[in-house]
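A.B. asks: generate a structure from the sequence data that follows.
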Amino acid sequence: MVIDFHVHAFPDKVADKAIETLSAIYGTQCFSDGKIDSLLKNMEKTNVDVSIIQPVSTDPRQVISINTWSANLNQLNPKNKSINPVIGFGTIHPKFDSYHDEIQRMKELGIKGVKFQPSFQEFYPDDESMFPIYEDIIKAGMILMFHAGDEIKPAKIVYSTPIRLAKVLDAMKSVIDDCGYYAVSGSKKSAKIVFAHLGGYMMWDQVEDYLIGREIYLDISYVFGHLDSERILQMIKNHGIERILFGSDFPFSRPDLDMEYISKLNLTNEERDMILGKNALELLKI
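C.D. replies: Purely as a prediction, here's the structure:
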(Lines give C-alpha, C1' and ligand atoms only; values in the text may rest on other atoms or scores of the structure.)
Protein backbone atom coordinates (compact mmCIF):
# COMPACT_ATOMS: atom_id res chain seq x y z
CA MET A 1 0.00 0.00 0.00
CA VAL A 2 1.20 3.51 -0.87
CA ILE A 3 0.16 6.39 1.39
CA ASP A 4 1.10 9.89 0.28
CA PHE A 5 1.20 11.70 3.61
CA HIS A 6 1.56 15.20 2.18
CA VAL A 7 -0.69 16.50 -0.59
CA HIS A 8 -2.71 19.64 -1.20
CA ALA A 9 -6.18 20.04 -2.64
CA PHE A 10 -8.93 22.62 -2.24
CA PRO A 11 -12.69 23.00 -2.44
CA ASP A 12 -13.72 23.24 -6.09
CA LYS A 13 -14.97 26.80 -5.76
CA VAL A 14 -11.55 28.12 -4.67
CA ALA A 15 -9.17 25.59 -6.23
CA ASP A 16 -8.37 27.53 -9.41
CA LYS A 17 -7.61 30.70 -7.49
CA ALA A 18 -5.56 28.82 -4.86
CA ILE A 19 -3.40 27.13 -7.49
CA GLU A 20 -2.93 30.39 -9.39
CA THR A 21 -1.87 32.19 -6.20
CA LEU A 22 0.48 29.47 -4.97
CA SER A 23 2.08 29.05 -8.40
CA ALA A 24 2.82 32.78 -8.43
CA ILE A 25 4.18 32.76 -4.87
CA TYR A 26 6.38 29.72 -5.43
CA GLY A 27 7.30 30.50 -9.02
CA THR A 28 6.76 26.86 -9.95
CA GLN A 29 4.55 24.68 -12.12
CA CYS A 30 1.68 22.77 -10.56
CA PHE A 31 0.74 19.32 -11.81
CA SER A 32 -2.98 19.59 -11.02
CA ASP A 33 -5.81 22.10 -10.82
CA GLY A 34 -6.06 21.44 -7.07
CA LYS A 35 -9.47 19.75 -7.16
CA ILE A 36 -10.34 16.48 -5.43
CA ASP A 37 -11.40 14.75 -8.65
CA SER A 38 -8.04 15.59 -10.20
CA LEU A 39 -6.23 14.25 -7.14
CA LEU A 40 -8.16 10.97 -7.32
CA LYS A 41 -7.36 10.59 -11.02
CA ASN A 42 -3.67 11.22 -10.35
CA MET A 43 -3.71 8.70 -7.51
CA GLU A 44 -5.13 6.05 -9.83
CA LYS A 45 -2.54 6.90 -12.48
CA THR A 46 0.40 6.77 -10.06
CA ASN A 47 -0.80 3.83 -7.91
CA VAL A 48 -1.21 5.86 -4.72
CA ASP A 49 -3.80 4.22 -2.47
CA VAL A 50 -4.35 6.95 0.12
CA SER A 51 -3.59 10.68 0.11
CA ILE A 52 -3.50 12.85 3.23
CA ILE A 53 -4.59 16.41 2.46
CA GLN A 54 -2.74 18.99 4.54
CA PRO A 55 -4.81 22.20 4.62
CA VAL A 56 -3.66 25.60 5.84
CA SER A 57 -5.75 28.45 7.20
CA THR A 58 -4.16 31.81 6.41
CA ASP A 59 -6.92 33.68 8.25
CA PRO A 60 -8.63 32.64 11.51
CA ARG A 61 -12.02 33.09 9.82
CA GLN A 62 -11.21 30.13 7.54
CA VAL A 63 -10.64 27.58 10.29
CA ILE A 64 -14.16 26.23 10.83
CA SER A 65 -15.07 25.98 7.14
CA ILE A 66 -11.80 24.25 6.22
CA ASN A 67 -12.18 21.73 9.02
CA THR A 68 -15.77 21.02 8.04
CA TRP A 69 -14.64 20.46 4.43
CA SER A 70 -11.87 18.12 5.59
CA ALA A 71 -14.29 16.15 7.75
CA ASN A 72 -16.64 15.74 4.79
CA LEU A 73 -13.74 14.49 2.67
CA ASN A 74 -13.21 11.74 5.20
CA GLN A 75 -16.65 10.39 4.24
CA LEU A 76 -15.80 10.36 0.52
CA ASN A 77 -15.17 6.85 -0.76
CA PRO A 78 -16.11 6.69 -4.45
CA LYS A 79 -15.22 3.02 -4.93
CA ASN A 80 -16.14 1.69 -1.48
CA LYS A 81 -12.58 0.70 -0.64
CA SER A 82 -11.65 -0.69 2.76
CA ILE A 83 -9.73 2.52 3.47
CA ASN A 84 -10.94 5.95 2.40
CA PRO A 85 -8.61 7.07 -0.44
CA VAL A 86 -8.62 10.69 0.75
CA ILE A 87 -8.08 11.74 4.36
CA GLY A 88 -8.26 15.40 5.31
CA PHE A 89 -6.28 16.83 8.21
CA GLY A 90 -7.48 19.90 10.04
CA THR A 91 -6.15 23.38 10.62
CA ILE A 92 -5.85 25.86 13.49
CA HIS A 93 -4.72 29.43 12.93
CA PRO A 94 -2.52 30.91 15.68
CA LYS A 95 -4.99 33.79 16.08
CA PHE A 96 -8.07 31.59 16.27
CA ASP A 97 -9.29 32.17 19.81
CA SER A 98 -11.70 29.24 20.11
CA TYR A 99 -9.02 26.64 19.41
CA HIS A 100 -9.97 24.45 22.40
CA ASP A 101 -13.55 23.93 21.25
CA GLU A 102 -12.49 23.52 17.62
CA ILE A 103 -9.92 20.85 18.46
CA GLN A 104 -12.62 18.93 20.31
CA ARG A 105 -14.97 19.37 17.35
CA MET A 106 -12.28 18.07 14.97
CA LYS A 107 -11.75 15.04 17.17
CA GLU A 108 -15.50 14.33 17.23
CA LEU A 109 -15.58 14.67 13.43
CA GLY A 110 -12.85 12.04 13.12
CA ILE A 111 -10.09 14.34 11.88
CA LYS A 112 -6.79 12.62 12.62
CA GLY A 113 -4.30 15.48 12.61
CA VAL A 114 -3.66 19.21 12.43
CA LYS A 115 -1.29 20.88 9.97
CA PHE A 116 0.62 24.08 10.78
CA GLN A 117 2.36 26.14 8.11
CA PRO A 118 4.35 28.80 9.97
CA SER A 119 5.47 30.59 6.79
CA PHE A 120 1.93 31.24 5.59
CA GLN A 121 0.45 31.64 9.08
CA GLU A 122 3.33 33.93 10.11
CA PHE A 123 4.30 32.55 13.50
CA TYR A 124 7.34 30.94 15.07
CA PRO A 125 6.48 27.39 16.15
CA ASP A 126 8.40 27.77 19.43
CA ASP A 127 6.43 30.88 20.44
CA GLU A 128 5.14 30.00 23.92
CA SER A 129 1.68 31.30 23.02
CA MET A 130 1.37 28.23 20.75
CA PHE A 131 2.11 25.70 23.48
CA PRO A 132 -1.47 25.51 24.88
CA ILE A 133 -2.71 24.79 21.34
CA TYR A 134 -0.19 21.98 20.87
CA GLU A 135 -1.05 20.64 24.30
CA ASP A 136 -4.75 20.45 23.46
CA ILE A 137 -3.96 18.62 20.20
CA ILE A 138 -1.69 16.18 22.02
CA LYS A 139 -4.30 15.52 24.70
CA ALA A 140 -6.86 14.90 21.95
CA GLY A 141 -4.51 12.27 20.50
CA MET A 142 -4.37 13.98 17.11
CA ILE A 143 -1.24 14.10 14.95
CA LEU A 144 0.77 17.34 14.90
CA MET A 145 2.09 18.15 11.42
CA PHE A 146 4.46 21.05 10.64
CA HIS A 147 5.89 22.53 7.49
CA ALA A 148 9.62 22.58 8.16
CA GLY A 149 12.37 24.72 6.68
CA ASP A 150 12.41 27.21 3.83
CA GLU A 151 9.98 27.51 0.91
CA ILE A 152 10.23 26.52 -2.76
CA LYS A 153 11.00 30.16 -3.48
CA PRO A 154 13.32 31.26 -0.63
CA ALA A 155 11.38 33.14 2.03
CA LYS A 156 12.42 36.48 3.52
CA ILE A 157 11.80 35.01 6.97
CA VAL A 158 12.16 31.29 7.67
CA TYR A 159 9.81 30.75 10.60
CA SER A 160 9.94 26.98 10.98
CA THR A 161 13.63 26.17 11.36
CA PRO A 162 14.85 22.81 12.71
CA ILE A 163 16.24 24.62 15.75
CA ARG A 164 12.83 26.08 16.61
CA LEU A 165 11.08 22.77 15.97
CA ALA A 166 13.53 21.06 18.33
CA LYS A 167 12.53 23.61 21.00
CA VAL A 168 8.88 22.63 20.47
CA LEU A 169 9.79 18.99 21.14
CA ASP A 170 11.66 19.96 24.30
CA ALA A 171 8.76 22.09 25.55
CA MET A 172 6.14 19.41 24.86
CA LYS A 173 8.15 16.43 26.16
CA SER A 174 6.41 16.13 29.53
CA VAL A 175 2.94 16.42 27.96
CA ILE A 176 3.86 13.82 25.33
CA ASP A 177 5.06 11.43 28.01
CA ASP A 178 2.12 12.02 30.34
CA CYS A 179 -0.37 11.39 27.52
CA GLY A 180 1.44 8.41 26.04
CA TYR A 181 1.40 10.34 22.78
CA TYR A 182 3.37 7.77 20.83
CA ALA A 183 2.98 5.47 17.87
CA VAL A 184 5.08 2.35 17.43
CA SER A 185 6.46 1.21 14.09
CA GLY A 186 8.93 -1.63 13.88
CA SER A 187 11.19 -1.44 16.90
CA LYS A 188 10.88 2.31 17.46
CA LYS A 189 8.33 4.48 19.20
CA SER A 190 7.79 8.03 18.04
CA ALA A 191 5.69 10.94 19.19
CA LYS A 192 2.77 11.52 16.84
CA ILE A 193 4.52 14.58 15.42
CA VAL A 194 5.55 14.96 11.77
CA PHE A 195 8.01 17.47 10.35
CA ALA A 196 7.74 17.83 6.60
CA HIS A 197 10.49 18.00 3.98
CA LEU A 198 12.93 15.74 5.83
CA GLY A 199 12.75 18.04 8.83
CA GLY A 200 13.66 21.30 7.13
CA TYR A 201 13.63 22.15 3.43
CA MET A 202 17.03 23.51 2.38
CA MET A 203 18.15 23.49 6.04
CA TRP A 204 19.32 19.90 6.24
CA ASP A 205 22.56 20.66 8.12
CA GLN A 206 20.39 21.93 10.97
CA VAL A 207 18.17 18.87 10.65
CA GLU A 208 21.18 16.62 11.19
CA ASP A 209 22.29 18.69 14.19
CA TYR A 210 18.93 19.07 15.94
CA LEU A 211 16.34 16.55 14.71
CA ILE A 212 17.86 13.37 13.31
CA GLY A 213 17.35 10.49 15.73
CA ARG A 214 14.69 12.21 17.82
CA GLU A 215 11.39 10.47 18.52
CA ILE A 216 9.40 12.10 15.71
CA TYR A 217 8.42 11.33 12.12
CA LEU A 218 9.90 13.05 9.08
CA ASP A 219 8.14 13.08 5.75
CA ILE A 220 10.24 13.19 2.59
CA SER A 221 8.04 15.48 0.52
CA TYR A 222 9.68 17.84 -1.98
CA VAL A 223 13.16 16.55 -1.16
CA PHE A 224 14.16 14.41 -4.14
CA GLY A 225 15.82 16.48 -6.85
CA HIS A 226 16.68 19.14 -4.28
CA LEU A 227 19.12 17.13 -2.15
CA ASP A 228 21.65 14.49 -3.16
CA SER A 229 20.08 11.02 -3.03
CA GLU A 230 22.98 9.53 -1.08
CA ARG A 231 22.60 12.16 1.61
CA ILE A 232 18.86 11.55 1.73
CA LEU A 233 19.51 7.85 2.22
CA GLN A 234 22.04 8.50 4.97
CA MET A 235 19.68 10.86 6.81
CA ILE A 236 16.82 8.38 6.49
CA LYS A 237 18.90 5.56 7.93
CA ASN A 238 20.37 7.71 10.71
CA HIS A 239 16.91 8.84 11.73
CA GLY A 240 15.42 5.35 11.47
CA ILE A 241 13.44 3.81 8.62
CA GLU A 242 10.48 3.36 10.99
CA ARG A 243 10.20 7.14 11.36
CA ILE A 244 10.08 8.10 7.68
CA LEU A 245 6.85 8.82 5.78
CA PHE A 246 6.42 9.06 2.03
CA GLY A 247 5.00 12.38 0.90
CA SER A 248 5.04 14.16 -2.45
CA ASP A 249 3.68 17.68 -1.83
CA PHE A 250 1.42 17.12 -4.86
CA PRO A 251 0.50 19.14 -6.92
CA PHE A 252 3.86 20.91 -6.49
CA SER A 253 5.68 17.66 -7.12
CA ARG A 254 4.81 14.31 -8.71
CA PRO A 255 4.40 11.23 -6.50
CA ASP A 256 5.37 8.86 -9.33
CA LEU A 257 8.73 10.59 -9.74
CA ASP A 258 9.37 10.51 -6.00
CA MET A 259 8.54 6.80 -5.90
CA GLU A 260 11.00 6.26 -8.73
CA TYR A 261 13.70 8.00 -6.68
CA ILE A 262 12.86 5.80 -3.70
CA SER A 263 13.08 2.67 -5.83
CA LYS A 264 16.69 3.58 -6.67
CA LEU A 265 17.80 4.06 -3.06
CA ASN A 266 19.81 1.27 -1.48
CA LEU A 267 16.93 -0.05 0.60
CA THR A 268 15.45 -3.49 1.11
CA ASN A 269 11.94 -4.17 -0.17
CA GLU A 270 10.71 -4.21 3.43
CA GLU A 271 12.29 -0.80 4.11
CA ARG A 272 10.66 0.66 0.98
CA ASP A 273 7.29 -0.75 2.02
CA MET A 274 7.68 0.83 5.45
CA ILE A 275 8.43 4.25 3.98
CA LEU A 276 5.75 4.06 1.30
CA GLY A 277 2.92 3.01 3.57
CA LYS A 278 3.44 0.78 6.59
CA ASN A 279 4.77 3.52 8.85
CA ALA A 280 1.84 5.78 7.97
CA LEU A 281 -0.61 2.97 8.68
CA GLU A 282 0.82 2.61 12.18
CA LEU A 283 0.70 6.35 12.79
CA LEU A 284 -2.81 6.86 11.39
CA LYS A 285 -4.22 3.67 12.92
CA ILE A 286 -6.32 2.89 9.84
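
A.B. asks: and Gly149, how far is that from Glu135?
C.D. replies: Note on Gly149: its distance to Glu135, by CB to CB, to the nearest Å, is 24 Å. The way it works is simple: take the backbone N, C-alpha and C, and place the C-beta from them, glycine included.

A.B. asks: can you pick out the residue with more neighbours from those two?
C.D. replies: Gly149 (27 against 18; other CB atoms under 10 Å).

A.B. asks: ok, which stretches of the protein are helices?
C.D. replies: 12-26, 36-46, 63-73, 99-109, 118-121, 131-139, 162-179, 204-210, 229-239, 255-264, 269-273, 279-284 (DSSP state H).

A.B. asks: which residues touch stretch 26-34?
C.D. replies: Where contact means CB atoms under 8 Å, 6 or more residues apart in numbering, the residues beyond stretch 26-34 that reach it are 8-10, 15-16, 18-19, 22-23, 38-39, 42, 151-153, 250-254.

A.B. asks: go again with 10 Å.
C.D. replies: The contact list for stretch 26-34 (CB atoms under 10 Å, 6 or more residues apart in numbering) reads 7-12, 14-20, 22-23, 38-39, 41-42, 151-153, 222, 248, 250-257.

A.B. asks: what about burial for those, which qualify?
C.D. replies: Using 16 or more other CB atoms under 10 Å as the burial test, the contacts of stretch 26-34 include 7-11, 15, 18-19, 22, 38-39, 42, 151-152, 222, 248, 250-255 as buried.

A.B. asks: quick one: strands adjacent to the helix or strand of the chain with the lowest mean pLDDT?
C.D. replies: Using mean pLDDT, DSSP states H and E, the weakest-scoring helix or strand in the chain turns out to be strand 182-185, at a mean of 88. The strands beside strand 182-185 in its sheet (DSSP bridges) come out as strand 188-191 (antiparallel).

A.B. asks: now the closest residue to Gly213 other than its chain neighbours: how far from His147?
C.D. replies: Closest residue to Gly213 apart from its sequence neighbours, by CB to CB, 6 or more residues apart in numbering: His239 at 6.1 Å. As judged by CB to CB, His239 and His147 stand 18 Å apart.

A.B. asks: got it, and Ile286?
C.D. replies: Here Ile286 is placed at a distance of 23 Å from His147 (CB to CB).

A.B. asks: and the two? Which one has more around it.
C.D. replies: His147 (27 against 13).

A.B. asks: next, the more buried one: phi, psi?
C.D. replies: His147 adopts backbone torsions of phi -60, psi 140, taken as degrees, to the nearest 10.

A.B. asks: can you name the residues that contact the residue lying closest to it once chain neighbours are set aside?
C.D. replies: Among residues not flanking His147 along the chain, Gln117 sits closest, at 4.5 Å (CB to CB, 6+ apart). If a contact means CB under 10 Å, 6+ apart, then Gln117 has 54-58, 91, 123, 145-147, 151, 159-160, 196 as its contacts.

A.B. asks: got a ChimeraX select line for the buried ones in the residues you listed?
C.D. replies: Remark: buried members of the contacts of Gln117, expressed as a ChimeraX selection using 16+ other CB under 10 Å:
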select :54,55,56,57,91,123,145,146,147,151,159,160,196
